[in-house]
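# after the sequence you'll find the predicted model.
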Amino acid sequence: MTTCLIVIDAQQSFRHRPYWQATLVPSYLEAQNALIAGAVAAGLPIVRVFHIDPPQEASNPFAVESGHVRPIDGLVPFEAAATFTKHRHSALVNSGLDVWLTQRGIRRLIVSGIRTEQCCETTTRHASDLGWEVDYVTDATLTFDMVQPDGRPLAAADIKARTATVLHGRFATVCSVAQALERAAATQAEGAPA
């Protein structure tokens, strides 16, 4: 079974949102970069996904015209096997990613990127429902504090814990960076010709 690392929305756009929290970024980048480096070393394909939203004007950080739809500062450079753009939360909706994965016989996905509970979780659920095995690397996802409907704060760490809880064993295997890379190596070895 072939495994593919997907790096979702790890783009500069988020630095220009009011909810941006710079203090949360170093630990995310450390894990994301370690995951990318491990995937490169293992020869796994890495797919980059960017999110683009209207309006198409320079003042919108998620518009190409802004110049911010590019890898987030601090992300280790890597050669993507493919790059896709999306306009919905799931990276599998009308992006062509699903076709690309299917044509290459990829059956396991390692999900990482920004935001934990939004595009990463939605892509994970969607991929699982479509039959992919998914390893969800919580440490290699980033999100930000939010406010609940009743006005109480909800810390990013709590959002990450909630996402891991609802995904694990139902839609994905929640893994550390090392575990995801070990699982990918084991899967690749199983599929290697004797």
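Yep, that arrived.

# okay, now the unreliable bits of this structure?
Scanning the chain for pLDDT under 70 picks out the ranges 1, 191-194.

# show me where it has its strands.
Under the criterion DSSP state E, strands of the chain are mapped to 2-8, 46-51, 82-86, 106-114, 133-142, 146-147, 153-154, 173-175.

# any chance of the ones you listed in JSON lines, with mean neighbour count and distance to T124 too?
Where C-beta positions appear, they are placed from N, C-alpha and C, glycine not excepted. Listed next are the strands of the chain as JSON lines, based on neighbours: other C-beta atoms under 10 Å; distance: least, C-beta to C-beta, whole Å:
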{"stretch": "strand 2-8", "mean neighbour count": "25", "distance to T124": "10"}
{"stretch": "strand 46-51", "mean neighbour count": "22", "distance to T124": "13"}
{"stretch": "strand 82-86", "mean neighbour count": "17", "distance to T124": "14"}
{"stretch": "strand 106-114", "mean neighbour count": "24", "distance to T124": "5"}
{"stretch": "strand 133-142", "mean neighbour count": "24", "distance to T124": "5"}
{"stretch": "strand 146-147", "mean neighbour count": "12", "distance to T124": "19"}
{"stretch": "strand 153-154", "mean neighbour count": "12", "distance to T124": "20"}
{"stretch": "strand 173-175", "mean neighbour count": "21", "distance to T124": "10"}
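
# reformat those as a markdown table; add distance to S66.
Shown next, in a markdown table, are those (distance: least, C-beta to C-beta, whole Å):
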| stretch | distance to S66 |
| --- | --- |
| strand 2-8 | 19 |
| strand 46-51 | 12 |
| strand 82-86 | 14 |
| strand 106-114 | 16 |
| strand 133-142 | 20 |
| strand 146-147 | 23 |
| strand 153-154 | 28 |
| strand 173-175 | 33 |
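
# so for L75, which of those strands sits nearest?
Closest to L75 of those is strand 2-8 (C-beta to C-beta; 8.0 Å).

# list the neighbouring strands of that closest one plus their orientation.
Here strand 2-8 is paired, per DSSP bridges, with strand 46-51 (parallel), strand 106-114 (parallel).

# quick one: distance of the first one to the chain centre.
Put plainly, it is strand 46-51. Mean-position distance between strand 46-51 and its chain equals 8 Å (C-alpha atoms, centre = their mean, to the nearest Å).

# do the last one as well
Going by C-alpha atoms, centre = their mean, the spacing between the C-alpha centre of strand 106-114 and its chain's C-alpha centre is 7 Å.
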